[in-house]
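Engineer: Let's see this in three dimensions:
(chains A, B, C and D)
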There are 4 protein chains.
Amino acid sequence: MIRYTRVIPSHLQTVKESLITIAEFDRIAAEKLPFAKMMGLQLESVDHGRVLMRAHYNDAFLRPGGTVSGPVMMTLADAAMYALVLSHIGPVELAVTTQLSINFLRKPAPGDIIAEASLLKLGKRLAVGEVSLYSDGELTDDHCVAHVTTTYSIPPER
Amino acid sequence: MIRYTRVIPSHLQTVKESLITIAEFDRIAAEKLPFAKMMGLQLESVDHGRVLMRAHYNDAFLRPGGTVSGPVMMTLADAAMYALVLSHIGPVELAVTTQLSINFLRKPAPGDIIAEASLLKLGKRLAVGEVSLYSDGELTDDHCVAHVTTTYSIPPER
Amino acid sequence: MIRYTRVIPSHLQTVKESLITIAEFDRIAAEKLPFAKMMGLQLESVDHGRVLMRAHYNDAFLRPGGTVSGPVMMTLADAAMYALVLSHIGPVELAVTTQLSINFLRKPAPGDIIAEASLLKLGKRLAVGEVSLYSDGELTDDHCVAHVTTTYSIPPER
Amino acid sequence: MIRYTRVIPSHLQTVKESLITIAEFDRIAAEKLPFAKMMGLQLESVDHGRVLMRAHYNDAFLRPGGTVSGPVMMTLADAAMYALVLSHIGPVELAVTTQLSINFLRKPAPGDIIAEASLLKLGKRLAVGEVSLYSDGELTDDHCVAHVTTTYSIPPER
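Structural biologist: Here you go, the predicted structure:
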């Protein structure tokens, strides 16, 4: 169970509906994000400025020590933020990451990884967000396996 | 009003009381953190793995554009995390920052800045935390002026 | 042509030889880093505290806009730093990333990506490094496509 | 001795002269950056896309352990990057930091701290730079006390 413990900021409440549906994102991912498929990424919900995305586990996720590798988590976080940005600005595919910073907190056991992404700021040119990653079934702060902050650049010509 | 919307993680709930009082931190700051005084920093609360710290405004905070400068915010965030780490490990003064990453989100008008620090992870060797900074009187997510993640190294010889 | 313009720091010059060979790293990667194979990663050189690693291009690297996706670059940078850390401490497979921060600077055209990793600090518990990523054939500062700083934790029980 | 070991990137070589002089920056700092004076910051050189700035030591720099505190280093790095950005775009005072990430590498003994700032990218909207900090008299890679990457937003209305 994801806990929606944070109050939705008022500027996000005005986004009554996501500007992109799960089906629309799936289509973009299928056509133009080959990595999303390779990594088993699946957008689970996009609502009120919050995105949940899952990375379906496969053994290619592993690294020495028998835990899920860092690149899986970075890829999932980046894709979750991409979906979140599109949910606010619509299907502007050319939005691009300019910066990403990740802290690895706990070693995730083999299994699905869940990303919960939320916005810190939505500006005209930059969107800044926060992504928490969890092992499936342990979606609590004390089982957060990694924490990400990331910035997307929003193209001017939309 | 600070909103305590996040559930306190269970590993932090076990810390029944902070291992350092406000008075003890004030003494360390007065004796060994000359910057804290120069910046008008004041620890307002330390409880259940959460710290509130204030930077009392003075005109030296300003930068071009009439807003509070970035260094004020970085200094406040670093000191708030220091207090938070000490609240968990006791007055281990030699705990040191190893990494700090800050996103500046909104330009704060002249006035006090408040930091709310919480832990993402407390390990044996590293503590990772998150600090949100607000302009006083606007302590809501959509008025968050800066967001920080930072890591402290905990000395082994304690 | 990679430009070795930086003077090798004296503490790295004392590492006369890498503590891991390309063949040894390849074996670890083949057995325990399935992502390395999936991403076409290849360690090209490891010497005097400097690593060059290549990501062999395939169309799965692409993202909207026809450029190489961010996750490819993050994965390559993380693996290059892993090789660099092992070159200094030997085949300690359980060394793990604790933090990674990346700035995406320019959009790489489809093609191989090269990572050049070097150490900023080698401590007993933490290794901090810097990784510059280039499009193959354009290995100059003004064609740097991304810049990474990252920290590895070195296990105590080695 | 600062070592100019890096080749000046070609896009920076086209900046034949800095668009701001030391005297002009000093005037901005004196009038609008009260922190620069409080911290004893002094721009020492600005040339070919490279800035050297000094923080003149005073005892207020200290933190427990008898070393220079992190906020001093963050403030110096931010100001050095500000000077570097102005050297490229002219005296556009409203350029602001959007992101700063610092790794603290070694504990600097009491004394002046020197920042060497260089650009990783100069775009229309964002400038990304790298700042290395040294204890005065030990300006070599193996005495680098902190490493910073930071992004400035360039205002559109200039």
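
Engineer: Chain D contacts on chain A?
Structural biologist: Within chain A, the residues that sit near chain D (CB under 8 Å from any CB of the partner chain) are A:98, A:99, A:101, A:125, A:126, A:151, A:153. C-beta coordinates here come from the backbone N, C-alpha and C atoms, glycine included.

Engineer: Just send those residues back as a markdown table, with pLDDT, secondary structure and neighbour count too.
Structural biologist: Output for the residues of chain A next to chain D, formatted as a markdown table (pLDDT from 0 to 100; DSSP: H, G, I helix; E, B strand; the rest coil; neighbours: other CB atoms under 10 Å in any protein chain shown):
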| residue | pLDDT | secondary structure | neighbour count |
| --- | --- | --- | --- |
| A:98 | 97 | strand | 26 |
| A:99 | 98 | strand | 24 |
| A:101 | 98 | strand | 23 |
| A:125 | 93 | coil | 15 |
| A:126 | 96 | strand | 21 |
| A:151 | 98 | strand | 25 |
| A:153 | 96 | strand | 19 |
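
Engineer: want to try a markdown table for these, with distance to residue B:47 as columns?
Structural biologist: As requested, the residues of chain A next to chain D are exported to a markdown table (distance: CB to CB, whole Å):
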| residue | distance to residue B:47 |
| --- | --- |
| A:98 | 37 |
| A:99 | 33 |
| A:101 | 28 |
| A:125 | 39 |
| A:126 | 34 |
| A:151 | 32 |
| A:153 | 39 |
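
Engineer: Quickly check the residues you listed for the two that are furthest apart.
Structural biologist: The most widely separated members of the residues of chain A next to chain D, counting by CB to CB, are A:101 and A:125 (19.1 Å).

Engineer: before we move on, back to that, the residues of chain A next to chain D also near chain C: which ones?
Structural biologist: Counting by CB under 8 Å from any CB, the members of these near chain C are A:98, A:99, A:101.

Engineer: Which of the residues you listed lies at the shortest distance from chain C?
Structural biologist: residue A:101 (4.2 Å; CB to the nearest CB).

Engineer: Pairing partners for the closest one in the sheet, please.
Structural biologist: Here residue A:101 sits in beta bridges with residue A:149, residue C:101, going by DSSP bridges.

Engineer: tell me the contacts of it?
Structural biologist: A:148, A:149, A:150, B:101, B:149, C:99, C:100, C:101, C:102, D:101 (CB atoms under 8 Å, 6 or more residues apart in numbering or on different chains).

Engineer: and what of residue A:147?
Structural biologist: A:102, A:103, A:105, A:130, A:131, A:132, A:133, B:120, B:128, B:130, B:149.

Engineer: Narrow those to those that are buried.
Structural biologist: A:102, A:103, A:105, A:130, A:131, A:132, A:133, B:120, B:128, B:130, B:149 (16 or more other CB atoms under 10 Å in any protein chain shown).

Engineer: List the ones among those residues that fall in strands.
Structural biologist: A:102, A:103, A:130, A:131, A:132, A:133, B:120, B:128, B:130, B:149 (DSSP state E).

Engineer: Make JSON lines from the residues you listed and add pLDDT and distance to residue B:42 to it.
Structural biologist: As requested, these are exported to JSON lines (pLDDT from 0 to 100; distance: CB to CB, whole Å):
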{"residue": "A:102", "pLDDT": "98", "distance to residue B:42": "32"}
{"residue": "A:103", "pLDDT": "98", "distance to residue B:42": "28"}
{"residue": "A:130", "pLDDT": "97", "distance to residue B:42": "27"}
{"residue": "A:131", "pLDDT": "98", "distance to residue B:42": "32"}
{"residue": "A:132", "pLDDT": "97", "distance to residue B:42": "30"}
{"residue": "A:133", "pLDDT": "97", "distance to residue B:42": "35"}
{"residue": "B:120", "pLDDT": "95", "distance to residue B:42": "24"}
{"residue": "B:128", "pLDDT": "97", "distance to residue B:42": "25"}
{"residue": "B:130", "pLDDT": "97", "distance to residue B:42": "21"}
{"residue": "B:149", "pLDDT": "98", "distance to residue B:42": "23"}
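
Engineer: before we move on, the earlier item: out of the buried ones among the contacts of residue A:147, what pair is the most spread apart?
Structural biologist: A:131 and B:128 (14.8 Å).

Engineer: And for residue A:17, the neighbour number?
Structural biologist: When neighbours are defined as other CB atoms under 10 Å in any protein chain shown, residue A:17 has 10 of them.

Engineer: for residue A:61, that is, sorry about that
Structural biologist: Residue A:61 has 23 nearby residues by other CB under 10 Å.

Engineer: and it, what are its phi and psi?
Structural biologist: Residue A:61 adopts backbone torsions of phi -70, psi -20, taken as degrees, to the nearest 10.

Engineer: pLDDT score for it?
Structural biologist: You'll see residue A:61 listed with a pLDDT of 94.

Engineer: OK, contacts around it?
Structural biologist: A:55, A:68, A:69, A:72, A:110, A:113, C:34, C:35.

Engineer: Let me see the confidence value for the fourth one.
Structural biologist: Which is residue A:72. pLDDT, read off for residue A:72, is 96.

Engineer: Thanks a lot, see you next time.
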